[in-house]
Structures are given as structure tokens and as C-alpha cells.
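Asks: Return atomic coordinates for the entry below.
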Amino acid sequence: MPTRLAAALFGGWMVVLGALFTVGTAWQAPARVLACAATLAVIGLGIRRHRPDRLGPWQLLAGTVAVSTAGSLAFTAGSVPLLHGAGVALLLAVFAMLGAALLLFTRHRGSGHRDRGGLLDALTLTSGVALLAWTFVIGPHVREPGLATGDRWLSVVFPLCGLACLAALARLLISPGRRPIAAAWLGAGVLTMLLSDIAYNLPSLEDQAGTLAGLGRISFLTAAGLAALDPTMTGLTKPALVAPKELGRVRLALLALASLMAPAVLIIQVGIDGEVPDLTVVAALSALTFVLVLARLAGVMASNRLAVTRERGLRQASAALVSASDSDEVAEAVRQAVASLLPADTPHRVVLAMAFNAPDEPATPEAAAQSAHDRVAGTAARLVSVREIDWAVAVRLNQFPMVLRCPLVLADRPAGDPLVGILHVGAPTWALLDLQQALEVLATQVALALERIALSQEVIRRNSEAYFRTLVMNTSDVILIVDDENRVRYASPSAVHVLGADPAGVLLPDLIHPGDRQRLAEVLGAIRIGDTPAEGLDFRAVGRRRTEVMLEMHCRDLRTDPTVAGMVVTLRDVTERRRLERELIHQAFHDSLTGLANRVLFADRLQHALARGARDGSVVGVLFIDLDDFKIVNDTLGHAVGDQLLIAVAERISAALRADDTAARLGGDEFAALVENVQDPGAVEETAERILAALAPPIIVDGQTLQANASVGITTTPEADTADELLRQADLALYVAKGAGKNRWRRYQNHLHSAMVERLELRSALDHAVNEGHFLLQYQPIVKLNGDEAVGFEALVRWHHPTRGVIAPDQFIEVAEESGLIVPMGRWVLDQALHTVAQWWRILPRVRRPYVSVNVSVRQFRQQGFVEQVRASLEYAGVPPQALMLEITETLLMGDDEKIWTDLAALRDMGIKIAIDDFGTGYSSLGYLRQRPIDVLKIDKMFIDDMLGDTQQLALVSGIVSLAQSLGLTVVAEGIEDAAHKRVLTRLGCPLGQGYYYSEPLDPTEALTWLRTPQPVAA
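Replies: Residues are numbered from 1 along each chain as shown. The predicted structure is shown next:
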């Protein structure tokens, strides 16, 4: 039987029973029973036909129908008190069962959603109706005099139960989603029953109360049956998958009406009765209504705050999506956005599925139908069961029964297919309902972001293709595609510039030098069988100007690539690079100034020579060559002259060696020679002799004649068999040659090691002595040869060694010069000498005050600020500049450094006398004496010693004295040992002298005593 026909027959039958109920009292009980039976049958038919998801509410509704009928029959049996009481209880149970059924319907439709606003609206409406019920129904009965206590309570309880059912009905009707027709039938039936109960309690309808109540029950049964027969009855137990609506106009009007009930009741009662009998009840219900309205407003405000929060989250998501550069960043932004849109600590999962249509994997009919629905639905989000989505997504969301599915659709997408992807969000159903609208907005932004990324990648891809096409067309590298026969199928435009012609169609080996073709064939064959030979191999070819070029080759086998289908060969012209590499390698192993081997290459060749010597028994010799007094050349003539001298020395050393030997420059003025393939150590010594002989002739540099004497240290493999040991021994032998007087060679001997250790110990002890001040000064008088009167003293430094006693300067000055300790030592000598002469000047009369002469080394003089240092020392000692004479070496006269002569002039202008010490032993020209600020010449002792027995030496001394007198210089003769020296020098006109004939060096106290009471000279 069709549902509509069944509903029509049932409705007609219930109308007949209602009419029968009004005929007379005798027909009321049968009509009730028949109506109950018909309703129960119809409810069962509706359940069986429509099969709702939940049977409990309908079964409870059927039970309510049965209990209602039974309670009505028992209540109307007034002659039997027990049945009447049971009827009252059953009728009260009807309200409880009906309210429970309505609440179950509400719960199933809401799917657990916390619709706090709907609950408050239902309670507010019920509160307003409760005020009316109390005022016009309950209150009059309560105040009615003579009413029994039981009846009075019943007059209160029944309306209150009815109000509870009304609240449950209002909650059902206010629930979110479209209301089914079955809900309307059920609501109409419940309202009719409640109105009939109200009419039953009105005094004005007391005569028709029973009939009206019965008809109300029959109307309720009719509505329940029609609701069960309607196909929409399943919607009462199915979740309404929509979010709760905000406060609409109708609902707002009902809330306003409920809020105005209290003042309306007050106006009516005051207008009719002139008083308000139940003011307390009215106030309580009015307050309850006010509180409910405030709670509702608070909920609206909370909803607004949530909306603002979600709007902020959407803005943040939009910013993140704009900055996203790939789909992974988009997915991360979506996950963060969904987390911010949901209430805190809400469990959820997000899956962003991209639309992908593989041509060889057609979609299933279900997936195709779903995709078609997604394209039509656009970005409208809809709740679907997790069982309805693709299994790959469902396995990640299977902890939730429902999933919010939101297609990412762009109607005007350039790619054609509007479906970009699907956004799935799994969470509790109530949370998904709240998220629905915000997710649709987010989906639109996600679709745009994904499309922007796809378009950007496409633009980048196309630009990259154009970019690489431009690179290939304009690169300087030659790109060739070679077929299986090694024939060039394609050549880039740069091939013409590198190879001189377009090689397309030419065999690749024909482009390569004949000597490299076999190697090329091997490389190409290895690549074709899958081997990976070394990359960057060099091959020779004929270039554009028919000159040989060096090509660096790289190969890739791309025969399986359909876009290439050949072997890609890249050729790069590295001719200039290889030339530069050879130059760099030469520079790395050769000295840049002389072109000789450097220390690294020398050590490498020494290792190879030792290996060959160990195999064939030959002798290997190492020579260390160091120029004597080369520092003087640099200090006086400048580094440019020094470099030219080193170049000339390197050429002479190379010329003195055999073809098998190696000459090297180790640094500065240090050279080395490697002698190999000799059978006798004497051949190494002969090499040293040849080197010294080659360096003996003077060398002309920039018009100046220089002497390049050298000291040579020798060692051979009989003394050592390792490179380090040979180098150490040659170095020791060189020090011995230096100490033996220079310009000679010495061969390593075992005792040299101890001598070197002694020299190192001397240097270490000297450094300690400088820091601790273990020096003393002695003073040798400078006297007038006529009259033997002292005019000055030369300060002579001595080292007071803790174990060796007093050491003369000739044993440590050279070490001090090498180590640089001469500078602090000279500063101490100057300060100490000035301090001593200051004491003398305070004691002696003005006419007998001597000056003090202090030796200054070249290194000390070249220190920055030397002039200021001398001035400061004079001021600190408190003596005038005339009390000081500075003795400089003759080598200073050889330089053209204007700063030196400026400093000498400044010292002389201060009043300090400048003396040339050991005049005649250096290489200076006598012309410098006329050009330089010099006051005193000190003739070296070796001239004085030999002048008595050598007429030439005597003539030389006489010439020096005469030259000095003509230039206005004072002469001091050093080393006067006896009276004969004095007589000859006096006859030659030498004014001053010093030596042991007058006095040995004295300490300051002895010198002062000697000044005050001069001792007789030695006989």
C-alpha cells in the first residue's frame, strides 16, 4: 500500500474515531482503544517501511501512545479510586516518556553538537509560556478555596509536566537543519495535547473539559501516526549536517515575546483585578527569563569573538599561502589554518589531495562520479562518511566517522579542468559543522595558491627552456651530439669559433690530433658499454687559425633519451688555461726572482736523488751557499740592487754546476746545490771550489762594482742517508765556514754539531742577558798625542757571563747582530755611557770634562725614531750633546738612503760628533767623506800595526791623515801599542790616538781616577 494512501486512510479513521468520541460517554473508551491500536499499528508500519537509523525514539513514542491511552482509560474510571490514581500516575509518566522521546530526537538530529543557543532559546520561550500558565491556569487553581490538597498538587504538577514537554518540543523544533514534515506533525500533535490539557484546567470550560482532553489525546495519536508514516520520519533520527543558525528574525521575535510576557501579565492583572496576586512567582519567572536572555546574548558575543578569531586565522592563512612556493608549504599552511579555526585541543586531521588523472590508469566509476559532483559543487564543503571517500585518504582519517570534504575548484582555470584538488578535514561532527563556512573560504584561497604555484612553475620551466636554449646557442663550449658511428649529428654554434668550421657530418676522430685518436676511441667505447672513465680528459685538435688547441672533453651517453638519442660530447678550449697551469706549476716549484728551483722542488729532487743513489751506489752531495755580508748591500744600496746581485749570483752558480746538478734558492741570500750521479765525495768538493771561483770576479750592478763572496757548507751521503739529515749537516757546515772567516767552504764533520749547539746556547744565553742586564761597560781613553791629555773615552761593552766570566765583544756581537738583540743592547750601552759621563761632568772641572764615544750598529741606526731616542737619552742623563760621539760603520757611507743622511745631519746639528769607525776596512769611496756629515775618522788598528815595517802601509796612513786634514776632519788612530807608533803618528800630524800604550779599558771608577791623576804611559 502506498504511503500516502495509508496516511489518508489512517487520518480518515482517526477523524471517525474522534467523531465517535464526541457522540457519547459510552463510546469514549472504545474510541480511545481503537485509536491507540491504529496508531501503534501505523507507527510499526512506518518503522518497518522507512527503517530509520535509530529505533529507540520511535519505540519510546509508541510506548507513550500506549501509556497515554491506558492512563486516560484509568483516569476516567472515577468510580474506582485505585484506577483513578493509577491513571494519574500513567498520565504523568506520559509527559516523562514524551519529553524523553523528543529529547532523543533532538540529540540524534544534532549528532552530539553543543547547540547552547538553541537550548537557551527553548528555555526562554518556555519561561514566557510558564508565566502565562501560572497566571491563567495554575495560579487560579492554587488559590481556589476548598480545593483538596491532592487536587491542588495535581493542578500544579500536570501543567508543569506539560511545560517540560513544551520545552523539549521547542528544543526539537529549534534544532539546526531543515525540519522534516514528520517533525511538524509531531509538534502539532504535542501542542494540541498540551492545549487540551490547559483547556481541561480552565474553569470556563469545565463542562467540556473531558471531551476536549480526550480529543487532544486522539489528535496527538493521529499526529504521531502521520509522523511515522511520512517518509521524512528518518530525518528525526539522522544527524542534520548543518551548523546551528545564528539568531534569526523569527526566533528573535519569539524571544522578545517571551521577554515581554512578564510586563504584559502585570498590566493585564492590574487592569482586571487591580492587583497582582502572585507577584513573587511573576518576579522569579521574569528574572529567569532575563537571565536566559543575558546568557543568550553572551553566547552571541562568544560567537562573534569566534568569528573574529577565525577571520584572523584566515588572514594569516592567506598570508602564508601567498608566500608558499610549493604544494608542501601550502599543505603546511592549511594544517596550521585548520588548527587555528578549530577550538583548542580538538582532535583533527587534514589531508590535501591533489587532482591527478593518469591516462593509463582510468578512474573508477565511483571516483569519476564523485569528481564530477565536486566540479559541480565548487568549493561548497559537505559532510560525508569516511567510507565514501577514496581509500588512500580514508586510511588517514579512519578515526573519525564523518569527514568535511571541500573541493578546490577554479571555474576559469587555464589548465581546463576546474578541479585542482580536494581538501579533507576529519574531526568530531559538531566541530566540522562549525568549520564548514570558514573551510569554504580557506578552500578558495588554497585553490588560488596552488594554481599560482603551478603557473609559476610552468613559467619557470618555459623560461628555463628558453634560458638553456640561449646558453647552448651562445656558450663558448662546443656541444656535439654523436651517433653510434661517431659521426657528429649536431654541433653548437661555438664549434665554428673553436674548430674553425662546422663539424656537423664529420667523424669525431677526424677532429682530433692523430696521436690522440686511439685514446678517444677507447674512451667512447668505454662509455657506450656503461663504464665511467675519468672526466675532463684533454685531447689535441686543430683550431681556427690552424694552430694546435687543447680541448677538455666531457661525455654523456644519452642514447636512451628520446629528445637526444645520441652521445653528448662537450669540448672546451683549455689551451690558455693549461698554459697558465704550467706557469703556475713552474712558479710553485721555482724561485720567482732567479728562476732557480725553490725549497720545495729542491727537497723533492733530493728525495729522488737519494732513492737513485741507494739503487746504484752513487754519491749525493748537498751544498748550502750563503752570500757574505749581503745585508750590507741591502742596507746601503737598497733592495733593488740586492735583487740584481742575487740574479747575477744565481747565474754564476748555475754555470758552475753540471747538467745533472740542481741549483736552488732557498730564500734571501741563501742558495743550495744538489750534486748527484758522482762516485767520489771529492767531486762535491770540486763543485764547491768551482762555485767560489765563479763568484770571485766582481759583479757590476747599475755601474757599481760589488763583490759577491760566499760561504759554502758541504755534506754527502756517506755522512747521512736521509734528506733532513743532509740538510741539517750542510747548514752546520755553512755556519762553520762563516765562522772560519767567510769566502770559503767547509765540509761537515761530526764535531760541528756540538759547535752549532754551543752557538745556539750562546744565543739563548745572550737573549737572557739582554733581558736581565748582564752587561758592563769599560772605557778606553782617547788622548792627545801631543801632551797625552785625555779628551774622551770609547765605551766598550762586555758580557758578564754567569759561568764563562767576562766575554769580549768579538765572541757575541755577531750573534747579537743575527738575532736582532743588538738593538736593545745598543740602547742600554747608550744610556749607561751617558749616565757615566754625566757623573764625570758633575765631578771634574769644566776644562777637563771628556766626551764619551758609543758604537752604533747599522740595524740599531735604522730603527724608527733613533734620533728621538738619542735626544731623550741626553735629556734623561742631563748632559749636553757635545758630551757624546756616535761611531758608525763605514758601510753606512755606501748607501744613497736620504733618510740616513738626514738623521746624521740632525744628530750633528744637535752638537753630537759623528765618527767613522775602522776607516779603511770597508768598500766606500773617499768621495763620500766630502759629501757626508762626518766629524771624525778612526783609523783601524790593522793599519797602525803594519805601518812600521811596511812603507806602503805607512804611506796609506799618511794619506788618510792628510786627506782628513784637508777635509777638516779629526783623525783618531786606534791600536797604539808602543812609543814608536806614537812618534810616527805624531810626525804624520795625527792629533788623537787610543790603545794599550796609554791604558787598557777601565771601569767607570778607574776611568775617573785616571782622569784626575793620569798614570804614566807604558814604556
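Asks: Okay, helices next: where are they in the stretch 101-250 of the chain?
Replies: In the stretch 101-250 of the chain, the helices defined using DSSP state H, counting those that start in this stretch lie at 116-133, 139-143, 149-174, 181-201, 209-229, 249-259.
Asks: In terms of mean pLDDT, which of those helices ranks lowest?
Replies: Among the helices of the stretch 101-250 of the chain, helix 139-143 has the lowest mean pLDDT, at a mean of 65.
Asks: rewinding a little: need the helices of the stretch 101-250 of the chain in JSON lines (columns: distance to L580).
Replies: In this view, the C-beta of every residue, glycine as well, is placed from N, C-alpha and C. Below are the helices of the stretch 101-250 of the chain laid out as JSON lines (distance: least, CB to CB, whole Å):
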{"stretch": "helix 116-133", "distance to L580": "83"}
{"stretch": "helix 139-143", "distance to L580": "114"}
{"stretch": "helix 149-174", "distance to L580": "90"}
{"stretch": "helix 181-201", "distance to L580": "93"}
{"stretch": "helix 209-229", "distance to L580": "99"}
{"stretch": "helix 249-259", "distance to L580": "89"}
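Asks: Ok, which of the ones you listed comes nearest L830?
Replies: Checking the helices of the stretch 101-250 of the chain against L830 by CB to CB gives helix 116-133 as the closest, at 101.9 Å.
Asks: Now that closest one: buried residues?
Replies: 117-133 (16 or more other CB atoms under 10 Å).
Asks: what is the orientation angle of that helix with helix 181-201?
Replies: For helix 116-133 against helix 181-201, the angle by axes from the mean of the first three to the mean of the last three CA atoms, to 10 degrees is 20 degrees.
Asks: Helix 116-133 packs against which elements?
Replies: Helix 116-133 sits against helix 149-174, helix 249-259, helix 261-273, helix 279-323, with contacts defined as 3 or more CB pairs under 8 Å, 6 or more residues apart in numbering; DSSP states H and E.
Asks: in what helix or strand does the nearest residue to A723 once chain neighbours are set aside lie?
Replies: With sequence-adjacent residues excluded and distances taken as CB to CB, 6 or more residues apart in numbering, A723 is closest to L606, at 4.8 Å. Here L606, judged by DSSP states H and E, is contained in helix 599-616.
Asks: G99 and A168 touch, don't they?
Replies: Yes: here G99 reaches A168: they are 4.3 Å apart, a contact under CB atoms under 8 Å.
Asks: Give the rounded mean pLDDT of the helix or strand containing L439.
Replies: Following DSSP H and E, one finds L439 within helix 429-474. Averaging pLDDT along helix 429-474 gives 75.
Asks: quick one: strands adjacent to the next helix or strand after it?
Replies: As assigned by DSSP H and E, the chain's next helix or strand after helix 429-474 is strand 478-482. As defined by DSSP bridges, the strand partners of strand 478-482 come to strand 488-491 (antiparallel), strand 566-573 (antiparallel).
Asks: then the helix or strand following the shortest one to PDB, C-alphas only?
Replies: Moving toward the C-terminus from strand 488-491, the first helix or strand encountered (DSSP H and E) is helix 494-499. As requested, C-alpha coordinates have been extracted for helix 494-499 and formatted as PDB (Å, rounded to 0.1, in the frame of the first residue of the first chain):
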ATOM      1  CA  SER A 494      80.600  27.800 -30.900                       C
ATOM      2  CA  ALA A 495      82.100  24.900 -32.800                       C
ATOM      3  CA  VAL A 496      82.900  27.200 -35.700                       C
ATOM      4  CA  HIS A 497      84.800  29.600 -33.500                       C
ATOM      5  CA  VAL A 498      86.800  26.800 -31.700                       C
ATOM      6  CA  LEU A 499      87.400  24.300 -34.600                       C
END
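Asks: What are the contacting residues of helix 494-499?
Replies: Residues external to helix 494-499 that are found in contact with it (CB atoms under 8 Å, 6 or more residues apart in numbering): 474-480, 502-503, 511, 541-544, 549, 551, 571, 573.
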